[in-house]
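Visitor: the sequence and its predicted three-dimensional model are supplied below.
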There are 2 protein chains.
Amino acid sequence: MNIGDVSRVSGLPAKTIRYYEDIDLVQPARGENGYRDFSERDAHMLAFLGRARSLGFSIEECRTLLSLYKDRERASADVRQVAIEHLDSIARKIEELEAMRGTLQTLVTRCHGDDRPDCPILDDLAGSEVQGA
Amino acid sequence: MNIGDVSRVSGLPAKTIRYYEDIDLVQPARGENGYRDFSERDAHMLAFLGRARSLGFSIEECRTLLSLYKDRERASADVRQVAIEHLDSIARKIEELEAMRGTLQTLVTRCHGDDRPDCPILDDLAGSEVQGA
DNA sequence: ATAGGGGTTCCAGCAGATGGAAGGTCAAGG
DNA sequence: CCTTGACCTTCCATCTGCTGGAACCCCTAT
């Protein structure tokens, strides 16, 4: 399988696949002509990576998951642990974003948004304490 | 005001302030000795930037907001527009993260998490269609 | 004079790709 | 046999938003 084929079946851009080889996530064979020669197993691993990345796992987490995936002696508890930690970090990110959204939503609501220059959004950013309750 | 002082009052690391000068967000004066010499106005702008960044505005959005902030002829509608667009992108990110959280939460719940190797999380990542409803 | 706590510049690196240039390879058509 | 075009290769630069560190200068107090 050439890189274009495996790109199609895994859904990852060829550039990304080369990058994954570069950082040693996959180790495709090489043909006579110097082309990468991907096995079914490689393609499978790349799809695995794509899915894990789409769930927001970092590259290092993916590396761990992939090694657990390849380890037939693994304990499912180890996988679960990685997933739970990631779940926590997702929850933290959501909280952060929701705090931002809350603040911004309030400011946007307060701003009349016409052609006059006075603007509660800028007032807040400037930190002036001159905003009505 | 030296960079250390303005760092304390704005809450931004000195490194970050130098970086903001580098990308032309602020233009502090220079003293005889080559030290940056920040005015009150500079300090104010840096605090503004810190607050805008903490609300998740990108550097380019901050640049726009700052120029609106400095423009006494601005229309509040322009500020509001920037804020609303940012609000949308925050909402999209939250949705993405919640989708991830939902999927992962399901998988984590399904995984017994003991010392046996079989694991619904890995099964899902591998894309095997062998999962019960 | 020296010690310390400022400040300065510049260069490298993080994640996680992505874009592009310059060139090699391969199969098909004329 | 030659060309065309799609594919492949490597390498280097770029993006975002800083952050760390080296090597150096400056200023004040002792």
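Guide: That came in fine, so what should we check first?

Visitor: heading toward the C-terminus, what's the first helix or strand past the longest helix seen in chain A?
Guide: The longest helix of chain A (DSSP state H) is helix A:76-110. Using DSSP states H and E, the helix or strand that follows helix A:76-110 in sequence is helix A:120-126.

Visitor: check whether the longest helix of chain A contacts DNA strand C.
Guide: No - shown here: helix A:76-110 not in contact with DNA strand C (Cβ under 7 Å from any atom of the strand), separated by at least 10.9 Å. To be clear about C-beta, it is placed using only N, CA and C from the backbone, and glycine gets the same treatment.

Visitor: burial count for A:Thr64?
Guide: The local packing of A:Thr64 (other Cβ atoms under 10 Å in any protein chain shown) involves 17 other residues.

Visitor: please identify the buried residues of the one helix or strand it maps to?
Guide: Element membership for A:Thr64 (DSSP H and E) is helix A:59-70. Neighbour counts over helix A:59-70 (16 or more other Cβ atoms under 10 Å in any protein chain shown) mark A:61-66, A:68-69 as buried.

Visitor: tell me, what residue is most central in chain A?
Guide: A:Gly56 (3.6 Å; Cα atoms, centre = their mean).

Visitor: tell me the pLDDT at the nearest residue to it once chain neighbours are set aside?
Guide: Spatial nearest neighbour of A:Gly56, excluding adjacent residues (Cβ to Cβ, 6 or more residues apart in numbering or on different chains): B:Met100 at 4.9 Å. Here, the pLDDT recorded for B:Met100 equals 97.

Visitor: surely B:Met100 is in contact with A:Ala52?
Guide: No - between B:Met100 and A:Ala52 there is no contact under Cβ atoms under 8 Å: 10.8 Å.

Visitor: got the contact list for the residue in chain A sticking out farthest from the centre?
Guide: Distance from the centre of chain A peaks at A:Arg116, with 40.9 Å (Cα atoms, centre = their mean). Residues near A:Arg116 by Cβ atoms under 8 Å, 6 or more residues apart in numbering or on different chains: B:75-76.

Visitor: distance check, it against A:Ala126.
Guide: 17 Å (Cβ to Cβ, to the nearest Å).

Visitor: and chain A, which residues reach DNA strand C?
Guide: Close to DNA strand C, as judged by Cβ under 7 Å from any atom of the strand, chain A has residues A:13, A:15-16, A:18-19, A:32-34, A:53, A:58-60.

Visitor: now those residues in JSON lines, with pLDDT?
Guide: What follows is the residues of chain A next to DNA strand C, written out as JSON lines (pLDDT from 0 to 100):
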{"residue": "A:Pro13", "pLDDT": "97"}
{"residue": "A:Lys15", "pLDDT": "97"}
{"residue": "A:Thr16", "pLDDT": "98"}
{"residue": "A:Arg18", "pLDDT": "98"}
{"residue": "A:Tyr19", "pLDDT": "98"}
{"residue": "A:Glu32", "pLDDT": "94"}
{"residue": "A:Asn33", "pLDDT": "95"}
{"residue": "A:Gly34", "pLDDT": "95"}
{"residue": "A:Arg53", "pLDDT": "97"}
{"residue": "A:Ser58", "pLDDT": "97"}
{"residue": "A:Ile59", "pLDDT": "97"}
{"residue": "A:Glu60", "pLDDT": "96"}
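
Visitor: kind regards, and thank you for your time.
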